[in-house]
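Asker: what follows is a protein structure lacking sequence information:
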């Protein structure tokens, strides 16, 4: 996927980010069988052109925004769209295309380009931790998927630096009252969650979550 990763603005998103932010990209925090690639809608044509240079993957017959590996040791790739014009969780639309349709999610507008991880033979563009944290804490999902999203947020907290938490607090001050309530509510849920296999353990990080809640509540 390197040709796609080299397109300006494309970011790795979702559950793989806390893994890649671990020291040495240890990739032990979150177990996932796929990776999200976030495509800015204005870069859609460039990403399609880059896919011509990708080997070892093919689009799913059932869901062409999902590309499946031909080798068992590679991850499935999900392409999702971001649009800076969208801001709310309910702002979602389908970018129709015969080759690479994209579901465009409003909350992905919170993502900003962060570090580029340099690995042997691979350059991986990552979002800034604060924006992805806000996106995960505002995403409205239920059941196991919702719980995993919150544990991805916990994984991000565990690898965040003080500057990331400062940025998170600054973003929080720009949210409306409903969004702030959603962030605090999801942090409260996270603080009460039980462990899920192969995910960060919330019971060992409750003090970290509680400290963040107190900091954000003080900004209200």
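Answerer: Received, thanks. Because the structure is predicted, anything quoted here is derived from the model rather than measured.

Asker: need the phi and psi values for residue 108.
Answerer: Phi and psi for residue 108, reported as degrees, to the nearest 10, are phi -70, psi -10.

Asker: for the nearest residue to it once chain neighbours are set aside, what are its contacts?
Answerer: Nearest residue to residue 108, sequence neighbours excluded (CB to CB, 6 or more residues apart in numbering): residue 82, at 3.7 Å. From N, CA and C alone the C-beta is placed, and that goes for glycine too. Counting by CB atoms under 8 Å, 6 or more residues apart in numbering, residue 82 makes contact with 38-41, 104-105, 108-109, 111.

Asker: show me what residue 82 is bridged to.
Answerer: Beta-bridge partners of residue 82, counted by DSSP bridges, are residue 40.

Asker: now do it against residue 110, distance only.
Answerer: Distance of residue 82 to residue 110, given as CB to CB, to the nearest Å: 9 Å.

Asker: among the contacts of residue 82, which one sits closest to residue 53?
Answerer: Closest approach between these and residue 53, by CB to CB: residue 39, at 15.8 Å.

Asker: now that closest one: how far from residue 160?
Answerer: The gap separating residue 39 from residue 160 is 25 Å, by CB to CB.

Asker: the more surrounded of the two?
Answerer: Neighbours were counted for residue 39 and for residue 160 using other CB atoms under 10 Å; residue 39 has more, 27 against 21.

Asker: ok, the more buried one to residue 174 distance?
Answerer: In terms of CB to CB, residue 39 sits 24 Å off from residue 174.

Asker: so for residue 37, what's the pLDDT?
Answerer: For residue 37, the model assigns a pLDDT of 96.

Asker: what secondary structure does it sit in?
Answerer: Secondary structure, DSSP: H, G, I helix; E, B strand; the rest coil: residue 37 is strand.

Asker: what's the domain layout of the chain?
Answerer: Domain assignment for the chain by automatic domain parsing gives 1-127, 128-220.

Asker: which residue is the nearest non-sequential neighbour of the residue nearest to the spatial centre of the chain?
Answerer: The C-alpha lying nearest the average C-alpha coordinate of the chain belongs to residue 14 (CA atoms, centre = their mean; 2.7 Å). Leaving aside its chain neighbours, residue 14 sits nearest to residue 36 (3.6 Å; criterion: CB to CB, 6+ apart).

Asker: so that neighbour sits against residue 10, correct?
Answerer: No. Residue 36 is not in contact with residue 10 according to CB atoms under 8 Å; the separation is 10.9 Å.

Asker: check contacts around the residue nearest to residue 14.
Answerer: Taking CB under 8 Å, 6+ apart, one finds 12-16, 78-80 in contact with residue 36.

Asker: I'd like the residues you listed laid out as CSV, including distance to residue 145, secondary structure and pLDDT.
Answerer: Shown next, in CSV, are these (distance: CB to CB, whole Å; DSSP: H, G, I helix; E, B strand; the rest coil; pLDDT from 0 to 100):
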residue, distance to residue 145, secondary structure, pLDDT
12, 19, strand, 93
13, 15, strand, 89
14, 11, coil, 82
15, 11, coil, 82
16, 16, helix, 84
78, 13, strand, 95
79, 18, strand, 97
80, 14, strand, 95
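
Asker: thanks a lot, catch you later.
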